[in-house]
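A.B. asks: Kindly return the folded structure for what I paste below:
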Amino acid sequence: MHHAQNRPPFPPAKPDSRAASQPLLLLRGATVFDPQPRGRCDVLVASGVVAALSPNIEAPAAGWPCETLDASGLLLLPGLVDGHVHLCGGGGERGPETKVPPLPLSALTRAGVTTVVGLLGTDTSSRSPRELLAAVNALRRLGLTAKMWTGGYPVPTPTLLGNVRDDIALCDAVIGAGEVAISDHRSSQPTFEELARLAGECHVGGMLGGKAGVLHLHVGDGARGLALVRRVATETEIPGRVLQPTHCNRNPRLFEEVLALAAEGLGVAFDLTAFPPDPDDAALPAEVAAARYLDAGLPAAKLTISSDAGGCLPCFDADGHMLHMDVGSSGELLATLRRWCAAVRPLEALLPAMTLHPADALRLHGKGRVAVGAAADLLLVDATLAVRHVIAGGRVLVRDGEACVRGPLEPAGQGDPP
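C.D. replies: The predicted model follows:
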């Protein structure tokens, strides 16, 4: 028999309805971006939603439990929606010792993320959708909004219930399939027919489940680029919005294809990756690619930015051997915004690509915005866009830059953004 060795007890599990019993939260004097600028406002949070938003909200009557947080001098933004995160860790492409470990809660919250979509990548051999679903459920119990893409790189792609359509239609956490790989030496080299069938499964599953039903596509450096995406969008009846290629800024040639395809007005959504700056990498920084896209007058609502947090960012030689790797971080989202603003571009021009637009594209209702009735997923940052407070579902998860909620097995200090 094993005896406890003065270990702290696990905190009691809290039901999802806990927001209803939380005290009111009044945020005073922040400069609000909803994500468009609203000026100085007070924000009242009740039962996990924004209950009031105006320049001067009176304090609740005596007897109502209410915490007041002084937000003067801070910017209040919607919590970030990160649509591409390897919650179980990515990597493993140079052997099992190169597998990236799972992400702790604070790696997301201290980066300002309040909604996350998890996925699998190359490794669907030692990782599974069931493992990913468990990670999603853990984050939900800890206070985040968490969803998942079913599948991974290969086609046929692994699922929870035996097929993509059933996963999307019947599993609450599943909003689509991904990241299915195309134009990459690590892909299963899917044919046009296979990809079209998979997109159709996503679309119908989404209809049956009231979900987005999106096919989230990893696009590699291969010469075929977006050729299969273009064919599915033009040769089938599947709505273009179902198709969402990601890593669209991984090289200049691919990004030129993005600009051309976006100009055709087919409704395809494009996801940029907030790659960490690397002068030796051909990838376009997300803020540079976004500027070119928006300056070209292309549909802003079809552009999103995600982080690839927890994923391996590898460099391969011509024979497919990995030379070196980095690891993605959700902290690159705010770093991208900082570089954007440093180039004297308005915050509100790029912020929707990390908040409103992914929330709408993925049909995450009430997310990505600051509005009465919307989820109280709020990010407060200082003038340098450093995180001060993070509120998810009306609950403070980060206070004064420090995570005040962590997973039961997460050591203090782990998950801190670089």
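A.B. asks: can we go C-alpha only for contacts and neighbour counts from here?
C.D. replies: Fine.
A.B. asks: Quick one: residues in contact with stretch 217-236.
C.D. replies: Under the criterion Cα atoms under 8 Å, 6 or more residues apart in numbering, residues 153, 178-185, 192, 195-196, 238-240, 243-248, 250-251, 254, 257-258, 261, 266, 268 lie in contact with stretch 217-236.
A.B. asks: how does it look with 7 Å?
C.D. replies: 178-184, 192, 196, 240, 244-247, 254, 257, 266 (Cα atoms under 7 Å, 6 or more residues apart in numbering).
A.B. asks: Count the residues that sit near Arg110.
C.D. replies: By the criterion of other Cα atoms under 10 Å, Arg110 has 27 neighbours.
A.B. asks: same check, this time on Glu287
C.D. replies: 25.
A.B. asks: Identify the residues contacting it.
C.D. replies: Thr336, Trp340.
A.B. asks: so where does it fall, helix or strand?
C.D. replies: Assessed by DSSP states H and E, Glu287 sits inside helix 286-295.
A.B. asks: from the middle of its chain, how far away would that helix be?
C.D. replies: 19 Å (Cα atoms, centre = their mean, to the nearest Å).
A.B. asks: Longest helix in this protein, please.
C.D. replies: Secondary structure of the chain per DSSP state H: the longest helix is helix 192-209.
A.B. asks: Can you point out the buried residues in that one?
C.D. replies: Leu195, Ala196, Leu198, Ala199, Gly200, Glu201, Cys202, His203, Val204, Gly205, Gly206, Gly209 (16 or more other Cα atoms under 10 Å).
A.B. asks: So for that helix, mean pLDDT?
C.D. replies: Mean pLDDT, computed over helix 192-209, is 98.
A.B. asks: hey, what's the residue lying closest to Ala52 once chain neighbours are set aside bridged with?
C.D. replies: In space, and not counting its chain neighbours, Ala52 is closest to Leu44: 5.0 Å by Cα to Cα, 6 or more residues apart in numbering. Bridge pairing for Leu44 (DSSP bridges) gives the partners Leu26, Ala52.
A.B. asks: and the residue nearest to the spatial centre of the chain, what pLDDT?
C.D. replies: Most central in the chain under Cα atoms, centre = their mean is Asp82, positioned 1.3 Å from the mean C-alpha point. Looking at Asp82, its pLDDT is 98.
A.B. asks: you'd agree it is in a strand?
C.D. replies: Yes - using DSSP: H, G, I helix; E, B strand; the rest coil, the secondary structure at Asp82 is a strand.
A.B. asks: Who are the contact partners of it?
C.D. replies: Asp82 sits next to Val113, Thr115, Val116, Val117, Ser306, Ser307, Met354 when contact means Cα under 7 Å, 6+ apart.
A.B. asks: What is the burial count for the first one?
C.D. replies: Val113: 30 surrounding residues under other Cα under 10 Å.
A.B. asks: and the residue lying closest to it once chain neighbours are set aside, what is it in contact with?
C.D. replies: Closest residue in space to Val113, ignoring its immediate chain neighbours: Leu80 at 4.5 Å, by Cα to Cα, 6+ apart. Leu80 makes contacts with Gly112, Val113, Thr114, Thr115, Met354, Thr355, Gly368, as judged by Cα under 7 Å, 6+ apart.
A.B. asks: could you redo those as a markdown table and give each row distance to Leu228, secondary structure and pLDDT?
C.D. replies: Below are the contacts of Leu80 laid out as a markdown table (distance: Cα to Cα, whole Å; DSSP: H, G, I helix; E, B strand; the rest coil; pLDDT from 0 to 100):
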| residue | distance to Leu228 | secondary structure | pLDDT |
| --- | --- | --- | --- |
| Gly112 | 35 | coil | 98 |
| Val113 | 32 | strand | 98 |
| Thr114 | 33 | strand | 98 |
| Thr115 | 30 | strand | 98 |
| Met354 | 26 | helix | 98 |
| Thr355 | 28 | coil | 98 |
| Gly368 | 30 | coil | 98 |
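A.B. asks: Who's the closest spatial neighbour of Asn251, skipping the chain neighbours?
C.D. replies: The nearest residue in space to Asn251 (Cα to Cα, 6+ apart) is Ala283, at 4.6 Å.
A.B. asks: May I ask you to confirm that the one you found belongs to a helix?
C.D. replies: No - counting by three-state DSSP, Ala283 is not part of a helix but coil.
A.B. asks: ok, it touching His247?
C.D. replies: No - if you go by Cα atoms under 7 Å, Ala283 and His247 don't touch, sitting 9.1 Å apart.
A.B. asks: tell me the contacts of the residue nearest to Asn251?
C.D. replies: Counting by Cα under 7 Å, 6+ apart, the residues that Ala283 touches are Asn249, Arg250, Asn251.
A.B. asks: ok, and what's touching the longest helix of the chain?
C.D. replies: Residues from elsewhere that reach helix 192-209 (Cα under 7 Å, 6+ apart): 164-166, 168-170, 176-177, 212-215, 228, 232, 238, 242.
A.B. asks: Just the ones of the residues you listed in strands?
C.D. replies: Per DSSP state E, strands hold the following members of the contacts of helix 192-209: Gly176, Ala177, Val214, Leu215.
A.B. asks: if we can go back for a sec, could you measure from the residue nearest to Val113 over to Arg230?
C.D. replies: Distance, Leu80 to Arg230, by Cα to Cα, to the nearest Å: 29 Å.
A.B. asks: What of Val390?
C.D. replies: 39 Å.
A.B. asks: Okay, the closest residue to Trp149 other than its chain neighbours and Ala111: tell me how far apart.
C.D. replies: In this structure, Trp149 finds its nearest non-sequential neighbour in Ala177, 4.7 Å apart by Cα to Cα, 6+ apart. Using Cα to Cα, we find Ala177 at a distance of 25 Å from Ala111.
A.B. asks: Please identify which of the two sits among more neighbours.
C.D. replies: Taking other Cα under 10 Å, Ala177 and Ala111 do not tie; Ala177 has more neighbours (30 against 27).
A.B. asks: Do I have it right that that one meets His216?
C.D. replies: Yes - Ala177 lies in contact with His216 (Cα under 7 Å); the separation is 6.0 Å.
A.B. asks: Ala138 sits in which helix or strand?
C.D. replies: helix 129-142.
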